[in-house]
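Novice: Pasted the sequence and its predicted model underneath.
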Amino acid sequence: MVWCDPLYDGPVPDVPDEELLRIRARFLAASDSAAGAVLADLAGWRKAVDDHAQYDELVLWFEHDLFDQLNLIQLLAHIDRQGGASKPLSLICINAYPGHSNFKGLGELEPADIAALFPTRRPVIAAQFDLATRAWAAFRSADPRTIETLINGDTSALPYLAPALARHLEEFPSAIDGLSRSERRLMQLASQAPADLQRAFPAMHEGERAFYITESTFLSRARSLSESTPPLLTLHVTPGRAHTLPAGTIALTDAGRDVLNGRADRLALCGIDRWIGGVRVTGHGPAWRWSDKAGTIVLL
């Protein structure tokens, strides 16, 4: 089974789980008519975990990156809220593997490598449930400083959580130019000449250790920057069906070049309307922003 909601993308407000499922389904669905099927998937993950009679042991396989750490804390918080596990519950969570100098995830490994990890699983303990529950609440808070309070405390029970959440905070608009870290990287890739989408996507991961943007999020960011007023990018997508990232190009506009070079601020110039976990960032400011200089969230 999977538990794989891209929680770093779209609304994750502090509401009861049943309402959150409906919100996430509407966001993730390609159309209103598809929302029901997405909702059934999200509910199905929970049902599979909650149906203790169908398994002898629940083994959680997760990685160090933001995508996995958010799903891990959501899942552990869910199990804890349901009264805990009545069957053995264990965790395998890694950030490196021998022979992989730039390890990004379990998908890189061969079947024998995966099998070798199985005996390393460890029972999930009370401290992990407690931290996950507090972290899940912090991520959904409307005040991102709640995350800072959490990661400045003891997070040793889940050792990869704090770096992942710290990287999440860099997705808030920058105090310098109003761009998130991933937006800035995307625009840098398009700064010299029109950039090929399919070549730019893997280049987004250079220098990353916790945030490996998905193809759908990458395309969504490019569309958002191209549809702002004024547009900061031009986006040309080649017509045709694509199971992954479509063919096409991105290029900076003059306004985009001004923002990228610090001559204009993205929020002041274009405004914004985006959910970042439990925070909805809207308008032309003031807004919650990430300050590289201070290393903290600020309201500007």
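Specialist: Perfect, thanks for sending it.
Novice: okay but Thr229 is in contact with Cys270, surely?
Specialist: Yes: counting by C-beta atoms under 8 Å, Thr229 touches Cys270, with 6.0 Å between them. Bear in mind the C-beta positions are built from the backbone N, C-alpha and C, glycine included.
Novice: Settle it for me: which of these two has more neighbours?
Specialist: Taking neighbours as other C-beta atoms under 10 Å, Thr229 and Cys270 compare with Cys270 leading, 21 against 9.
Novice: wait, doesn't the more buried one sit right on Pro230?
Specialist: Yes: contact criterion C-beta under 8 Å: Cys270 and Pro230 qualify, at 6.7 Å.
Novice: could you pull out the helices for this structure?
Specialist: The residue ranges that make up the helices of the chain, judged by DSSP state H, are 17-28, 35-50, 66-81, 111-117, 126-140, 145-151, 161-169, 181-189, 197-203, 215-227, 254-260, 266-270.
Novice: Residues that sit against both of Cys270 and Pro230, list them.
Specialist: Ala255 (C-beta atoms under 8 Å, 6 or more residues apart in numbering).
Novice: Below-threshold pLDDT in the stretch 101-250 of the chain: ranges please.
Specialist: Scanning the stretch 101-250 of the chain for pLDDT under 70 picks out 242-243.
Novice: Touching stretch 266-281 from outside, list them.
Specialist: By C-beta under 8 Å, 6+ apart, the list of residues contacting stretch 266-281 from outside reads 7-8, 10-14, 139-144, 147, 168, 171-173, 177-179, 183, 224, 228-230, 232, 255, 258-259, 282-285, 287-288.
Novice: how about that stretch as CSV, C-alpha atoms only?
Specialist: What follows is stretch 266-281, C-alpha atoms only, in CSV (Å, rounded to 0.1, in the frame of the first residue of the first chain):
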residue,chain,number,x,y,z
ARG,A,266,7.3,39.3,-6.6
LEU,A,267,4.6,39.9,-4.0
ALA,A,268,4.5,43.7,-4.4
LEU,A,269,4.6,43.4,-8.2
CYS,A,270,2.3,40.5,-8.8
GLY,A,271,0.6,39.4,-5.6
ILE,A,272,0.2,35.8,-4.6
ASP,A,273,-2.4,33.3,-3.5
ARG,A,274,-0.9,30.0,-2.4
TRP,A,275,-1.3,27.6,0.5
ILE,A,276,2.0,26.5,2.2
GLY,A,277,0.9,23.8,4.6
GLY,A,278,-1.6,25.4,6.9
VAL,A,279,-0.7,29.0,5.9
ARG,A,280,-2.5,30.8,3.1
VAL,A,281,-0.3,33.5,1.7
